[in-house]
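1. Structural data only, the sequence is not supplied:
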């Protein structure tokens, strides 16, 4: 069995700072890692699907880099950018680490890349990471350059089993706050994916809640935030109280091999309530 841990919306800040919810992102990150170890002792990889830090500062990325030292050595960590991130400070801190992870097809400007994970029945299972960050915007974007890259990657690996990763949701949720911040070029994405049966999952973050949807028959799995949840009815009004009565969490994705079948993915949500 191959499995990987997905964290999202970690919102790491400088030391001794707290989020508006009173949570310290770094503390929540470490709590999530400890909880994940209790649920499953080891993982083959770790994915952090955007909003790595809270406001895109270089010092925040340095703090995240230090936190990654708490992860088991030798386990690859795949990173994806969200709307709270910033490409230039990220690259300044993480370029060396990215180069050592063995990524493929790395885009020259956007943080888009592929990573072969393992072999199953002679086929490569490959992660494809997209960059939906648009500076100073909360919603997600995939410009023509980014979409063209994805279409080319899908054509390049027609026999691989693909996992597509992006921070922003490519669908509406019914939450007025977050539906204003989903991916804007959803039709272009659908056009790119349509007709390709080897895309097996789309993995997202951003929503701060566990959520499951369907995109052209492809399961879309949305990982909760390791920092804090957002209430489903929260609208983000200036005078609206933010009352959080649900736990933060993360996801575990397992590829299950079964005799006589091609195997497939099962995704589990784990919440950080007391065990």
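-> Now that the structure is in, tell me what you want to look at. This is a predicted model, so every value here is computed, not measured. Numbering: from 1, shown residues only.

2. count of neighbours near the closest residue to residue 30 other than its chain neighbours?
-> Leaving aside its sequence neighbours, residue 30 sits nearest to residue 70 (CB to CB, 6 or more residues apart in numbering; 6.3 Å). In this view, the C-beta of every residue, glycine as well, is placed from N, C-alpha and C. Counted with other CB atoms under 10 Å, residues neighbouring residue 70 total 11.

3. how close does residue 70 sit to residue 248?
-> Going from residue 70 to residue 248 by CB to CB, to the nearest Å gives 17 Å.

4. residue contacts, residue 214?
-> residue 220 (CB atoms under 8 Å, 6 or more residues apart in numbering).

5. one more time with 6 Å
-> Under the criterion of CB atoms under 6 Å, 6 or more residues apart in numbering, residue 214 has no contact partners.

6. and if you look at residue 253?
-> Taking CB under 6 Å, 6+ apart, we find residue 253 in contact with 4, 265, 267.

7. how about 7 Å then?
-> 3-4, 6, 265, 267 (CB atoms under 7 Å, 6 or more residues apart in numbering).

8. now do residue 173
-> Residue 173 sits in contact with 179, 207, 211, where contact means CB under 7 Å, 6+ apart.

9. which among the residues you listed end up buried?
-> 207, 211 (16 or more other CB atoms under 10 Å).

10. Among the contacts of residue 173, which are located in strands?
-> The strands, defined by DSSP state E, take in residue 211 from those.

11. Could you list the buried residues of the helix or strand of the chain with the lowest mean pLDDT?
-> Counting by mean pLDDT, DSSP states H and E, the weakest-scoring helix or strand in the chain turns out to be helix 87-100, with a mean of 89. The neighbour-count check on helix 87-100 (16+ other CB under 10 Å) flags 89-90, 93-94, 98 as buried.

12. got a markdown table for those, with distance to residue 146 too?
-> Below are the buried residues of helix 87-100 laid out as a markdown table (distance: CB to CB, whole Å):
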| residue | distance to residue 146 |
| --- | --- |
| 89 | 20 |
| 90 | 16 |
| 93 | 22 |
| 94 | 19 |
| 98 | 18 |
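
13. which two from the residues you listed end up farthest apart in space?
-> 89 and 98 (13.8 Å; CB to CB).

14. The residue nearest to residue 30 - that's part of a helix, no?
-> No. Checked against DSSP: H, G, I helix; E, B strand; the rest coil, residue 70 lies outside a helix; its state is coil.

15. just the strands in the stretch 101-250 of the chain please.
-> In the stretch 101-250 of the chain, the strands defined using DSSP state E, counting those that start in this stretch lie at 113-120, 123-129, 161-165, 199-204, 211-215, 218-222, 249-256.

16. Now tabulate these in CSV and tack on distance to residue 46.
-> Formatted as CSV, the strands of the stretch 101-250 of the chain follow (distance: least, CB to CB, whole Å):
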stretch, distance to residue 46
strand 113-120, 12
strand 123-129, 12
strand 161-165, 12
strand 199-204, 13
strand 211-215, 21
strand 218-222, 16
strand 249-256, 10
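
17. can you redo those as TSV with mean pLDDT and distance to residue 28?
-> TSV is the format used below for the strands of the stretch 101-250 of the chain (pLDDT from 0 to 100; distance: least, CB to CB, whole Å):
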stretch	mean pLDDT	distance to residue 28
strand 113-120	96	26
strand 123-129	97	23
strand 161-165	98	21
strand 199-204	98	19
strand 211-215	97	19
strand 218-222	98	18
strand 249-256	97	10
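
18. for those strands, which one sits closest to residue 231?
-> strand 211-215 (13.6 Å).

19. can I assume residue 36 sits in a strand?
-> No. Counting by three-state DSSP, residue 36 is not found in a strand; it is helix.

20. how deep is it tucked in, by neighbour count?
-> If we define neighbours as other CB under 10 Å, then residue 36 has 22 of them.

21. Geometric centre of the chain: which residue is closest?
-> residue 49 (1.8 Å; CA atoms, centre = their mean).

22. For it, give its distance to residue 267.
-> 13 Å.

23. Over to residue 98?
-> Residue 98 is 26 Å from residue 267, where distance means CB to CB.

24. got it, and residue 207?
-> Taking CB to CB, one finds residue 207 at 15 Å from residue 267.

25. give me the element residue 33 is part of.
-> helix 25-39 (DSSP states H and E).
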